[in-house]
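Q: Sequence first, then the predicted structure, then my questions.
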Amino acid sequence: MTGCLNIYGTKPHAFDEEAVELAEIFAGYAGVCLANAQLYETSMVFARNLEKALTSRAVIEQAKGIVMGQRNCDADEAFAVLARASQDANRKLRDVAADLVARAQRKR
């Protein structure tokens, strides 16, 4: 992340050494604040992605179980079936899995 602090004066050499020093101090504190904001945002995105991944994993595991039951195959083969369906439909694996789980729940 890059930032810039612009301070303008109404005449040339409007700022003395003390004003420049204060601006530099302020810029340092502002930089820390921006770095913390970026770290917070990055952490929040990571947490959301982790939550989505955990949810997706659960759905994919459920879908694998459904495929294993239907085809009498092992987990690796079931995952391969889901992956192939995902590629054939040009859809995310988690979406294909979610649809399969939803269809299985409606059949109950």
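A: Cool, got the structure.
Q: C-alpha only now, for contacts and for neighbours.
A: Will do.
Q: Pull the number of nearby residues for residue 87.
A: Using other CA atoms under 10 Å, residue 87 has 13 other residues around it.
Q: in what helix or strand does it lie?
A: Residue 87 belongs to helix 75-89 when assigned by DSSP states H and E.
Q: for the protein, which spans come out with low pLDDT?
A: 1 (pLDDT under 70).
Q: element containing residue 44?
A: helix 17-71.
Q: what helices or strands is that helix leaning on?
A: Packed against helix 17-71 by the contact rule (3 or more CA pairs under 8 Å, 6 or more residues apart in numbering; DSSP states H and E) you find helix 75-89, helix 93-107.
Q: Just the residues contacting the first one, thanks.
A: Counting by CA atoms under 8 Å, 6 or more residues apart in numbering, the neighbours of helix 75-89 from elsewhere in the structure are 63-65, 67-68, 92-93, 96-97.
Q: Just the buried ones from those residues?
A: Among the contacts of helix 75-89, the ones that count as buried by 16 or more other CA atoms under 10 Å are 63-65, 67-68, 93, 96-97.
Q: Including distance to residue 83, could the residues you listed go into a markdown table?
A: Output for those, formatted as a markdown table (distance: CA to CA, whole Å):
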| residue | distance to residue 83 |
| --- | --- |
| 63 | 11 |
| 64 | 10 |
| 65 | 14 |
| 67 | 12 |
| 68 | 14 |
| 93 | 6 |
| 96 | 9 |
| 97 | 9 |
